[in-house]
Each structure stands twice: as structure tokens, then as C-alpha cells.
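After the sequence you'll find the predicted model.
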Amino acid sequence: MHLFFWSEKQLARLAVFTLIGIIAVVGMLGYLNNRVASVYRPYYHGMEAEKVVALTVNVDWGEEYLPSMLETLTNAEVKATFFLTGRWAQKNPDLTKAIYAAGHEIGNHGYSHPHPNKLTKQRNQQEIIRTQETIAAIIPWQTTVFAPPYGEAGTQVLEAAGELGYATILWTIDTVDWKEGTSSNQILQRVFGSKLKPGAIVLIHPTANTAKALPKMITGLREKGYQFRTVSEIIGK
């Protein structure tokens, strides 16, 4: 039996080559991640050439407040984008039909509202496809925009949506209206704060205080010269 011993010089050379290999792999992973991000980038706002704004409503609960919000939007002649989870649409087909009948855009919010960053690309695609099929079974509508639950938009999430032809939508202004104790005045303050700009995407949810704030939100934005568009219109999809 022959024993082979590395000299200090050989060990040092091996360490250098190993380090170079690690750096190369990390660099390649970073390149691939950046490539995915550039090809399937999320939208935080729309086109800034016009003074327009999009209201997006993420829906996985709060159905008791939706009739009031729909009435406000109809009376104000405003079209919003409602991102529905598949499980919510399945449990609330009549409200899903009412949103569609009112002329609003309907987007995809995944089926079961999981944490997308914890799922594989395949599992994310299953969530999106299942929601797409659920909504299509209720109304004649094909979803093309996707709002990932919790705003999680990791590489596998962007790839999952992008490969299915979806635009991934986040937000310019988060009203944080879902948080317990958030008042209607706080919601309005966030909408009219420093983040408001042409092309802004405003995220809201169906809550009691959001329904209360919505008329003033619409009036105030119009007084500032803003017009309302759906998300697909504002991003030019």
C-alpha cells in the first residue's frame, strides 16, 4: 500500500483552486438569479407618463365588506383589480360573479394563500393554475396578472408566474389596512403620503375601515388630478 501525502505547496494550491471554484459557482448563481429577475421582474408601479393610479384589492377573506366597496366603486365609476384566491372564489361564487359583472379586472392570488417563497416553482405554478381554473369555472375570465401572497417574490415565484404568462404585481403603496387597529384615517394618510406618484399601485383589502375610507380615497385622488386604471392598463400589459 502506497500512502500519498500532500505538500504544503500542493495544499495551498488546492485551497486556491477550491476557492476559485466556489466563487465561480456563486457568481453563476447570482447571474442566473439576476437574469430571472430581469426577465420576470415584478411590477411595483405602472407607467409614469400619465397621472393615473390603480387600486388593487387582495381577497382571501372579508367578503362581508365587499358589497359596500363594490357599491362605492360603481357609484364613482372606478374600475379596480381584484386579486382573488382560488379557495375564496370557490366559496364565494356569487361575489366573484358580482365583481366580474361590475366590470373590474380579476387577478390571481394563488389558491390557498401560502408563503410562495417556501414553495418550489412547480408548487407555485400549481397554486396559480388551480386558481385560474377555479375562477374560469365561475366566470368567463382568464387571469393574466398575479399578486403573490405576502408580497413574496423570490426567484422561483417570479419564474413560476412568468413561465405561465403572468405579470407579477406588487405595490407602490401598502395601506396595511389588514392590520388590526388600522383606522380609516391611517389608511388615507398612507395613500396620500410621499409614495403617491403617477403610475402608483395602491394595495387595499376588504376591511370595515377600508370600506369606510374608500369614498374619501377616490375623491381625494381625483382632486389631486389622478385618474383610475386597472393594473393591466397601468403596466401596459
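Sure, I can see it. Everything numeric here is computed off the predicted structure, so don't read it as measured data. Numbering: from 1, shown residues only.

How many residues are close by residue 225?
If you count neighbours by other CB atoms under 10 Å, residue 225 ends up with 9. C-beta coordinates here come from the backbone N, C-alpha and C atoms, glycine included.

got a list of what it touches?
For residue 225, the contact set (CB atoms under 8 Å, 6 or more residues apart in numbering) comprises residue 51.

Report the separation between it and residue 76.
Residue 225 is 16 Å from residue 76, where distance means CB to CB, to the nearest Å.

now residue 193
Residue 193 is 21 Å from residue 76, by CB to CB.

Mind checking which of those two has more residues around it?
In terms of neighbours (other CB under 10 Å), residue 76 is the more surrounded of residue 193 and residue 76; the figures are 15 against 9.

ok, for the more buried one, nearest residue in space, not its chain neighbours?
residue 218 (4.8 Å; CB to CB, 6 or more residues apart in numbering).

May I have the phi/psi pair for that neighbour?
Per-residue torsions, residue 218: phi -70, psi -50 (degrees, to the nearest 10).

For it, give me its contacts.
Contact analysis of residue 218 by CB under 8 Å, 6+ apart lists 72-73, 76, 78, 228.

Neighbour-wise, give me the winner out of the residues you listed.
Sorting these by how many neighbours each has (other CB under 10 Å) puts residue 73 first, at 23 neighbours.

Tell me where the longest strand sits in the protein.
Taking DSSP state E as the criterion, the chain has its longest strand at strand 52-59.

what packs against that strand?
When contacts are defined as 3 or more CB pairs under 8 Å, 6 or more residues apart in numbering; DSSP states H and E, strand 52-59 packs onto strand 81-84, strand 200-204, strand 227-228, helix 231-235.

on that earlier part again, for the residue nearest to residue 76, give its distance to residue 202.
Distance from residue 218 to residue 202, by CB to CB: 11 Å.

now swap in residue 48 and tell me
15 Å.

Much appreciated, bye for now.
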